[in-house]
Structures are given as structure tokens and as C-alpha cells.
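**Student:** coords please:
(one chain, ligands or ions: 2)
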Amino acid sequence: MKYISTRGKAPVLTFEQAMLTGLARDGGLYVPETIPQMSHADIAALAGVTYEEAAFRVMRPFIGDTFTDTEFAGLIAKAYAGFGHDARAPLVQMGPNHFLLELFHGPTLAFKDFAMQLIGQMFEFSLKRNGQRVTIVGATSGDTGSAAIEAFRGLDAVDVFILFPHGRVSEVQRRQMTTPIEDNVHALALEGDFDHCQAAVKDMFNDFDFRDGVRLAGVNSINWARVLAQVVYYFTSAVSLGAPHRPVSFTVPTGNFGDIFAGYIAKRMGLPIEKLVVATNQNDILHRALETGGYITQGVTPSISPSMDIQVSSNFERALFDVYDRDGSAVAQQMDQLKTQGGFKISQGALERLRDIFASGRASEDETSATIKGAFAHTGEILCPHSAVGVKVAEDHISDQTPMITLGTAHPAKFPDAVEDAIGQRPGLPTRMHDLYERAERMTQVANDLGTIQDLIKERIKA
Ligand SMILES: Cc1ncc(COP(=O)(O)O)c(C=O)c1O
Ligand SMILES: N[C@@H](CCOP(=O)(O)O)C(=O)O
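**Tutor:** Ligands and ions are numbered 1, 2, ... in the order given. Predicted coordinates for the structure are as follows:
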């Protein structure tokens, strides 16, 4: 299996190389050269197997010879052993034909753990085998950072630096990043929003002296391995509702387009998905883009679902690559316009192809809050505000024929203020985190200045 860049001008890599590389050297994102297929029988055979076994079968064709079967199965087993639910990703019924896929039973209580726990295992195995050391730099609006720190804390071959927008993540998210005591963890609070953090990370990848000097690696969803691990739960949930014998639809609370892109890959692999519904908060660039064809940034507005406060949605580039018939120069041109002019127009043909696959909707702050309240009253389920954005948008897209699965992306206790405002109850953290609010915090405030951040990283990894 080979990996190619969405901008068409970077070296073709193996799975292991793409995983350890992060951003392609032409600024693009790696995608598989071809998408492996699962037959009707292959999908039907996933019924009743463990999450780990399904993960092995779905991901194996993408890995090439990076790991043997035994090695890969062992890494998967270790990755999911610490999850707090036997099913790993259980489904809960929300209403007639509407189900919530709870993806928040991992160690940091967000869907990011599904990929990050596995990547942590794969990185450790590969780096040890190759005798390498890397510096991971990641950008987060709250959940990627905590999941990455949890997965990489204390590993000898890795330093992990996480840039988060100062004052714009929840207290639980911040404390998950600032309280680990391991020396290889560095939480950096940047003066700016998530888009600034993500732009700084991409600029570091595009500065080859820095990139090669610190042996930079990335664990944001620019890393293909992140997307791949998220493909699995589309299969497990769809199969438990009758796929491949009947189709299902998914609604996905969306920011950086990574999670829903994983659903798109599942569909391309053969899973019968009728619609993939993009659900955005008031930072609705993706909804506007699908409605109008104009992908126009407007600046980030803080919301009660802060992990989705994103305007430059990284993985949309991967979708564009496909709907532009994998023409890397067309994608590079649009990404250049995004950088220099703040937006671009999707061609009519590409837009129609996107609309064949994706529907979209937006939830306002009031609608999000009302959905948390309504879901609690009718089902007893306490939704986090991101999942509530999904549930609200899903309700506008449910049909009688096709089951709708909404992705429940985080545990409500990560966002207790928004939840308490909606239902008058403060959701509690699991007991293993009972002292999170008492632990000492350690973080460094940084200006949004690339040179300063790069100097700090170089200084820290020398020590
Ligand atoms: C809780 C939560 N929900 C939804 C999202 C959006 O996911 P994606 O960025 O993959 O679209 C994020 C951030 O990524 C998140 O942390
Ligand atoms: N919502 C994310 C933003 C980063 O997205 P990623 O999937 O590209 O890592 C977060 O919680 O940090």
C-alpha cells in the first residue's frame, strides 16, 4: 500500500513513513493511492466479533508490511485495553431510528482516544525498531491535545508539544494537558485561536530546516493513521444495526473534517452509508461551503462546543482531492487561495459530487443547549455540547427508512458548565480522574510568533 500527497508533488511513502512524517513536504496530506474494498461477505462477517478483531480486519489492508499480523493485533489489543466499556463504542437509542455512538469511553473521554491510543502504540513500536527519536508538535482545540499527551507521556523516544488556544478550551481539557508530570510533555498556551495553532504547526512542517533538525512528527488528523483508526467504528456501529443488509446514515459533529472523512473512507471501502451529515456549530464554514460552494473564512467565534471552533478545516483538502479527480495541482491552487485570499470557490462539478455524499446542517448556541435539555428529558442521556450539535442536525435529517447514527464525540464531564446551564446538573468525572481539579498545573504561555515557538521547542529538546 502506497500513500500519495493531495498536492501531488511529495514523495510516495509507505504506511510507516506516512505515519511518522505527518504533513507531506509539498504542504499536502497523505492519502492511500487506492482504497481497499470490503465485500458484502467481509462486512457481514464483522457481526459479533470484538471491536479489536473488527479493527484488525478493517485496518489491515492499509498497513502494508509495516507490522506483521501478530504485531498489529498485539498493538490493537494494547490500544483498547484501557477503555472503560467492553464494547469500546456502544450504541444508545435516542429515538425512533436514531442512535448515539458513544465514543467517549477512552482514557481522555473523547473520540480522539480511538486513534491516539493506537498511534501511541504504533509510534513506540516503529521508533524502537528503527532506533529513532521524534518531536511531536500538535495543535488542539482541546481534545486532540489531551489524547496525544495521554498516549505519549513518558515515552523515551518522543517529546510532545501541544499548542492550545489560551483561554478557549474547557478547564477539564486544559487540566488534562497541564497536569501530567512527565518531562517529555509540554503544554503551550498560545495567544490566538485554534486556527492560529494549526497554522503554526503546518508552518513548522513547511520549514524544512526546523522540521529535519528536530525530526518533527505530527499527530493531528493531518496524520493518515489518525483517520484510519477512526474508520473502524463506522463499520462496527453500522453492522450492529444491520449493515451490509441495510444502509445506515451518520451525522458527525465536525470541525477539522477528520472524523467525517473517516466515514467517507468507510463508504468508499464498501460500507453502505446513505448519507454522511456534516454538523457544525456557529463556526459553520463547512455547512456554508456545501450550501453555496464558497469556502470562505470569517474568523472563529467562541462557542459552547469549543473543540469545533475551527474555520480552516484541514481534512476538507482530502475530500477535495477526490472530487477534483485526484488532481493535486487543482487542490494546491485552492489551498493557495485559502492562504492568500481567505477562501476559494469550489467548482460546480466538484460541489455536486460533494453533495452526493455529504449533507450538512448547523446548530446555534440556543439549539445546542435546548438539545442537551431535550435529550436528557426524553432519554436520560447527558450529551456533551458537540454531540448535541450532532443530535440537533441529525434530527433534521432522519428518514423513516434508514437508521441514523450520530457520533457522540466527548463525555459531558469535559464541558460541565455548558451542560449545567442546560439541565441544571453538573456531570461528574469518572472516579479515576477524581483529583483532576487538585493537581498542579504546568504550562507555558506563548505569543503567536513562529520563531519564538520554534526556539522554545529547540531549547526544550536540547535539555
Ligand atoms: C468533542 C469533539 N467533537 C467533534 C470534533 C470535530 O472532529 P473533527 O475535527 O474530526 O471534525 C472535535 C475535534 O476534532 C472534538 O474534540
Ligand atoms: N477538535 C480538535 C482539533 C484538532 O483536530 P485534529 O483532529 O486534526 O487533531 C481538538 O480537539 O483538538
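**Student:** Could you check how many residues crowd around Gln401?
**Tutor:** Residues lying near Gln401 (other Cβ atoms under 10 Å) number 10. C-beta: built from backbone N, CA, C; applies to glycine.
**Student:** near ligand 1, which residues of the stretch 201-350 of the chain?
**Tutor:** Applying Cβ under 6 Å from any ligand atom, one finds that the stretch 201-350 of the chain approaches ligand 1 through Ser221, Pro253, Thr254, Gly255, Asn256, Phe257, Gly258, Asp259, Ser307, Met308.
**Student:** ok, is the helix or strand harbouring Lys392 in contact with ligand 1 or not?
**Tutor:** Taking DSSP states H and E as the criterion, the element that holds Lys392 is helix 385-395. Yes - with Cβ under 6 Å from any ligand atom as the criterion, ligand 1 is reached by helix 385-395 at His386.
**Student:** same question, stretch 407-427
**Tutor:** Yes - for stretch 407-427 and ligand 1, the contact criterion (Cβ under 6 Å from any ligand atom) is met by Thr409, Ala410.
**Student:** distance between the ends of that stretch?
**Tutor:** Taking Cα to Cα, to the nearest Å, stretch 407-427 runs 19 Å from one end to the other.
**Student:** Also stretch 443-451?
**Tutor:** Stretch 443-451 stretches 19 Å from its first residue to its last (Cα to Cα).
**Student:** Tell me the buried residues in it?
**Tutor:** By neighbour count, with 16 or more other Cβ atoms under 10 Å as the criterion, the buried positions of stretch 443-451 are Met443, Val446, Asn448.
**Student:** how much space between the nearest residue to Ser329 once chain neighbours are set aside and Arg25?
**Tutor:** Counting by Cβ to Cβ, 6 or more residues apart in numbering, the nearest residue to Ser329 once its immediate chain neighbours are dropped is Gly8, at 6.2 Å. Applying Cβ to Cβ, to the nearest Å, one obtains 12 Å for the distance of Gly8 from Arg25.
**Student:** Distance of Asp455 relative to ligand 1?
**Tutor:** Distance, Asp455 to ligand 1, using Cβ to the nearest ligand atom, to the nearest Å: 28 Å.
**Student:** for Phe83, same thing?
**Tutor:** Distance from Phe83 to ligand 1, by Cβ to the nearest ligand atom: 17 Å.
**Student:** can I assume that residue sits in a strand?
**Tutor:** No - per DSSP: H, G, I helix; E, B strand; the rest coil, Phe83 lies outside any strand segment and is coil.
**Student:** Is it in contact with Gly106, as I believe?
**Tutor:** Yes - using Cβ atoms under 8 Å, Phe83 makes contact with Gly106 at a distance of 5.3 Å.
**Student:** shared neighbours of the two, which are they?
**Tutor:** The contact sets of Phe83 and Gly106 overlap at Asp113 (Cβ atoms under 8 Å, 6 or more residues apart in numbering).
**Student:** more crowded one of the two?
**Tutor:** Taking Phe83 and Gly106 together and counting by other Cβ under 10 Å, Gly106 has the greater number of neighbours (26 against 18).
**Student:** In contact with that one: list those residues for me.
**Tutor:** When contacts are counted by Cβ under 8 Å, 6+ apart, Gly106 touches Gly82, Phe83, Gly84, Lys112, Asp113, Phe114, Gln117, Ala147.
**Student:** how about 6 Å then?
**Tutor:** Gly106 makes contact with Phe83, Asp113 under the criterion Cβ atoms under 6 Å, 6 or more residues apart in numbering.
**Student:** ok but it is inside a strand, no?
**Tutor:** No - according to three-state DSSP, Gly106 belongs to no strand; its state is coil.
**Student:** Ligand 2 versus that one, what's the distance?
**Tutor:** Counting by Cβ to the nearest ligand atom - Gly106 and ligand 2 are separated by 13 Å.
**Student:** Tell me if the helix holding Lys392 is near ligand 2.
**Tutor:** No - using Cβ under 6 Å from any ligand atom, helix 385-395 stays clear of ligand 2, coming no nearer than 8.5 Å.
**Student:** Show me what secondary structure element comes after the top helix by length along the chain.
**Tutor:** Of all segments of type helix in the chain, defined using DSSP state H, the longest is helix 112-130. On the C-terminal side of helix 112-130, the nearest following helix or strand under DSSP H and E is strand 134-139.
**Student:** could you give the angle of that following strand to helix 112-130?
**Tutor:** Put simply, strand 134-139 runs at 160 degrees to helix 112-130, going by axes from the mean of the first three to the mean of the last three Cα atoms, to 10 degrees.
**Student:** Give the other helices and strands that strand 134-139 contacts.
**Tutor:** Here strand 134-139 is seen to pack against strand 158-165, helix 194-206, strand 216-217 when contacts are counted using 3 or more Cβ pairs under 6 Å, 6 or more residues apart in numbering; DSSP states H and E.
**Student:** now those as a markdown table including mean neighbour count and mean pLDDT?
**Tutor:** As requested, the helices and strands packed on strand 134-139 are exported to a markdown table (neighbours: other Cβ atoms under 10 Å; pLDDT from 0 to 100):
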| stretch | mean neighbour count | mean pLDDT |
| --- | --- | --- |
| strand 158-165 | 25 | 98 |
| helix 194-206 | 21 | 97 |
| strand 216-217 | 24 | 98 |
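**Student:** How about whichever helix or strand comes after the helix holding Lys392 and ligand 2, any contact?
**Tutor:** Towards the C-terminus, the helix or strand next in line after helix 385-395, according to DSSP H and E, is strand 404-408. No - counting by Cβ under 6 Å from any ligand atom, ligand 2 is not contacted by strand 404-408; separation bottoms out at 12.8 Å.
**Student:** Could you check the angle strand 404-408 makes with helix 385-395?
**Tutor:** Angle, strand 404-408 to helix 385-395, by the same axes, to 10 degrees: 170 degrees.
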